[in-house]
Structures are given as structure tokens and as C-alpha cells.
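Trainee: what's the 3D shape of this:
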Amino acid sequence: MHSDVHAAEFLFLLLLLFVVVFGVLSKKIKTPYPIVMVIGGLLLSLVPRLPNIVLNPDIVFFVILPPLLYSAAWVTSWREFSYNIVSILFLAFGLVTVTVLGVTALGPFFLPGFDWRIGLVLGAVVAPTDAIAATSIAKRVQLPKRLVDILEGESLLNDASALLALEFGLVLLVGGMRPTFAFGLLRLLYLIIVGILIGLAVGLIVHIAEDRIDDGPIEIALSIITPYVAYLTADALKASGVLAVVACGLYLSRQSSHFFSPRVRLQAWAVWEALTFILNGLVFVLIGLQLRYVLSNLHDYSLATLIEYGALFSAFLIVVRLIWNFPGAYLANLIRRRILHQMEPMPGVRQIFVVGWTGMRGVISLAAAIALPHTLENGVPFTQRSMIIFLAFNAILVTLVLQGLTLPPLIRALGLAGAGASRSSEEEEARRTILTAALKYLEDARKEAKAELAEVYNDLSRHYHARLANLKQDSNDKGLAPTVYNQYVELNRKLLQIERQTAVQLRNERRINDELLRELEHDLDLSDSKFAKRG
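Mentor: Residues are numbered from 1 along each chain as shown. Model prediction:
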């Protein structure tokens, strides 16, 4: 028992060391860290005496997945998410359905011993995508923000739809049952509705609790517990834990400006940024380290045969996503224009192709494959389990490395790099309105100010006029006497609060997104921190 604990501690520290080393390397070679960590883990798996580390599905689903989903939902703009919901659903549910049906139909033709039920399970295993690498690349090369928003929204929801398909596949395969269409529809509605309601209920409880707490460590600890409570509660009630966490994260993110103080917000951002990096790093290193386990039960196949199966299957997944994206984008655009009256132009062929090329698989696929039972309900061994695990691992490796490394040059070749750099006219209008409100407050406050503060008001007035002219912050707080500086910072804090209040009002009027509000809140947090240090 004692030696087992020491062994587990050693392995955990070893994995953390790998995460740090590969993280530094990814910065040096300017490559997204998921790709570097998967390749690094793959190379480490070839080291002869390295301990054999097998991925535990329960750790993935119940320890790693909830905080990663929560963190992704927290930084997602609800406004953009809801505005693009039709396009997101066509990927998160439509593409998952097409992928599952495609593998179900064609799997038996090129995979020995696979019938349609096994094909359904395999399709559900490899259907969800992991957008971490894709969105990190897309943001770095400044892909149009609309496409990035859609990719982030897809990654939040497709886990739920794929795990639902896997549940049905296992019922058919292991239990030998044939669920009816009515049963399937009711089960889907239960998973979605109850999962979302549980997430919102947990979010409301946390919101009430946060309003009554003003202690950084306690509030941060509560934020870490929250996704686990939402996920495990939904799982206990046989609802979608994924949707529960996503709903909870989206709700609390929108309400955070009401219950997080500036000091706590700065601390929470730092803690969650580090936690998310560590968990993601562990996940991708563990994926690479599974090579030994994946190949351990495939002695009946030659290396050439495995490469052939893996290449064909991965190419099939890539082609299915590319093909679906074109009619899916057209239908989504049609619904948005005709029914939702969103006058969005039809995305071009280049944009659709790039979204199709971002179908990178992640740890959910591998964990789902490893979690498959070894035997069927009648006691017959599930002989195709090892091949499903291999194909899932191969799909992750090929899509993450091949598509991840080729995505930046592809975006540049198609002329889409830098397209997200220009600020939209809507955001410019919102920023102009916010700065005008701050200037109005400044002019009103100047009339009642003391004469010795004239320099402060003049400096701030010039500062905000410059920001209004350039639509960017260009603060300059030098040259003021120390006795005046504190009042300068305090007044600047007040102006930032005016900006934030105006931003909240504009967001409620659906004329500003959550990201801009968070940016302004960050400015206010930094101002508070700066004032506290000088004080």
C-alpha cells in the first residue's frame, strides 16, 4: 500500500515535469502545446524502462473533463454563442449524427468482423472533436472571429451528443436491445433539458453563495468545486453532465461581474489559467503515452495492416467532416436568415473548408474507447474492442498532428490570416459609447472639483479624448505629484467603473459582447491592484 502511493506520486510528478518541459518547448518552436505534448508523449512511450501508464476513463470523465468544460464555457461569450447557435448545432449534433451514421454504414466494408452495431459504437467514440488546438491556432493567425466562436461552441456541445450516441450503441451491442424512435427522442430530451436545468440550478446556488462571501481563497475553491457538483449531480440523475457543466459555466460567467470583487477576479483568473494548462497538458501527454497499451492486444495484425486501417479510417473521418460542412453551412445560413432574421452573408468556400479542416479528435474519444466493456452481456468476448481503441488513438494522432500542423499554412494560403484583426463596426460603436459616457461623467465631476485637482481632470480629459479618437487605451499617468497621484488613480477607477456600467447596459441591449466587458473589467482590476500597491 505504501509503495503504491509512492509509485503514484512519482508518476504524477513525472507527468507534471513532462508537461512543463513540453510546454516550454512549444513556446520555443511556436507550435500549439497539444501537438507538442502528444508527440512528446508518443516518443516517451518508446523509452524501454518508462513505467506503463494506462489512461483511466473514470479519471478523464469525472476528474479532468468537468473543470475543462467549465473553463471553456466561462471564457465563451454568451452573446456570440447564442447568436451562432444554429451553426454550432449543425456541427455539434448534425455532424456528430452524420459521422456516426457514416461509420455505421461503411465500417463493415473495410474493417473485418465489424457489423453495423459495432460501427455505431466506433462512430460515437470518434465523433467528438477537441477544439483546443484548433482555436489556439485560429486565434494566433487571427482567423475571422465568427469562425472561432463557432469552433468554440461546437467543442462545448459535441461531447454530449457523441456520448449520447455511444450510450445507444452500447445498449444495442451489449444489451441486445433495439430502442424505439420514441424512446430515443424522449431520452435525448431528458438528457438535454434535465442537464441544462441542473446546471442552471447549481449556478444559481453558487451565485447566491458568492454574493455572501468576500474571501479570495474560499471563492476560488468554490469555483473549482462547482463543475464537479454540476457534472456529478447530472450523472447521478442520468442526465447530461456535459450540458450541466456548460450551462453552469455560461450562467456564472455572465453573472461574475456582480459577485466577484476585482481582487478575487485577478486571483481566480491566475488560478484557473494554471489549472486549465496543467489538466490539458496531462491529457495530451497521456494520449501519447498510450501507444504501448493500444498496440498490446493487436498481435493478430501486421504493422502494415494497422497502418492501412488507420490511414483509411482517419481519411474517412476528415472527408466526412469536409463534405458535411458545405450543406450544413448552407442550411444553417438559410435558417438564420429566413427564421431568425440574422442577415449574415453566406460563408465563402474558403471559410467552410477551414472549419472542415479543424476536426481534431481529443481525449474524450480515447477515454470512451478504453471504457468499452471487455465482454458482451452473454459473456462473449468483445473481440473488436482492441481495434476500436487503436482506431480512436490513430484518429487522434492523425487529426491532431496532421491537421494541427497544416492548419496555419492552410489559413495563410487561403488568405484568411489576419481577417479577425479588424474591429467590427458594432464594437467600435460600443467602445465609442462607453468612452463618451466616461467623458460626460468627467465633465460633470470637474464642475464640483477643487482647484488643485485641475491638473488631474485636464490629464484625464486628454487621456479619454485620445482613447476616443484612437479607440484604444493610451494611458499616461506620469508627471503628477505624489500627493495628487492617489486622487488621479481613484478618479480613473471611477471612470473605469462608469465604463463597465455602460458596457453592462450595452450588453443587455445586445450591442456589446461579453469579451469586451471582460476586457473592461480586467482594466478595472488592474487599476484596483495598482492603486492598492501605491496606497
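
Trainee: give me the number of residues near the residue nearest to T276 when sequence neighbours are not counted?
Mentor: Ranked by C-beta to C-beta, 6 or more residues apart in numbering and with sequence neighbours excluded, the top spatial neighbour of T276 is S71, at 4.7 Å. In short, each C-beta sits where N, CA and C put it, glycine included. Using other C-beta atoms under 10 Å, S71 is surrounded by 21 other residues.

Trainee: check which helix or strand covers the residue nearest the centre of the chain.
Mentor: Centroid-nearest residue in the chain: A72, 3.7 Å away (criterion: C-alpha atoms, centre = their mean). Using DSSP states H and E, A72 maps to helix 65-74.

Trainee: what's downstream of that helix, the next helix or strand?
Mentor: Remark: after helix 65-74, the chain's next helix or strand is helix 78-83, criterion DSSP H and E.

Trainee: what's that following helix packed up against?
Mentor: helix 145-173, helix 241-259, helix 514-534 (3 or more C-beta pairs under 8 Å, 6 or more residues apart in numbering; DSSP states H and E).

Trainee: number of residues surrounding V354?
Mentor: V354: 23 neighbours (other C-beta under 10 Å).

Trainee: contacts only, for it.
Mentor: V354 is in contact with L143, L147, L407, L410, I411, L414, L416, counting by C-beta atoms under 8 Å, 6 or more residues apart in numbering.

Trainee: one more: W357?
Mentor: If you count contacts by C-beta under 8 Å, 6+ apart, then W357 has I318, L322, Q403, T406, L407, L410 around it.

Trainee: contacting residues around A311?
Mentor: A311 sits next to V398 when contact means C-beta under 8 Å, 6+ apart.

Trainee: is it part of a helix or strand, or is it coil?
Mentor: Counting by DSSP: H, G, I helix; E, B strand; the rest coil, the backbone at A311 sits in helix.

Trainee: SS state for the nearest residue in space to G362 that is not next to it in sequence?
Mentor: Of all residues not flanking G362 in the chain, D130 sits nearest, at 2.5 Å (C-beta to C-beta, 6+ apart). Classification of D130 by three-state DSSP places it in coil.

Trainee: next, find the distance separating Y228 from V206.
Mentor: Distance, Y228 to V206, by C-beta to C-beta, to the nearest Å: 12 Å.

Trainee: settle it for me: which of the two has more neighbours?
Mentor: For Y228 versus V206, neighbours defined as other C-beta under 10 Å are more numerous around V206 (22 against 17).

Trainee: moving C-terminal from the strand or helix carrying that one, which element do we reach first?
Mentor: Using DSSP H and E, V206 sits within helix 181-211. Note on helix 181-211: by DSSP H and E, the next helix or strand toward the C-terminus is helix 216-236.

Trainee: that following helix versus helix 65-74: what angle between them?
Mentor: 110 degrees (axes from the mean of the first three to the mean of the last three C-alpha atoms, to 10 degrees).

Trainee: contact partners of helix 216-236?
Mentor: For helix 216-236, using C-beta under 8 Å, 6+ apart, the contacting residues are 62, 65-67, 69-70, 194-195, 198-199, 202-203, 206, 209-210, 213, 240-245, 247-249, 252, 260, 263-264, 267-268, 271-272, 275.

Trainee: buried ones only from those, please, as a ChimeraX command.
Mentor: If you want just the buried ones from the contacts of helix 216-236 in ChimeraX, going by 16 or more other C-beta atoms under 10 Å, the selection is:
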select :65,66,67,69,70,194,195,198,199,202,203,206,210,240,241,242,243,244,245,247,248,249,252,260,264,267,268,271,272
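
Trainee: all set now, cheers.
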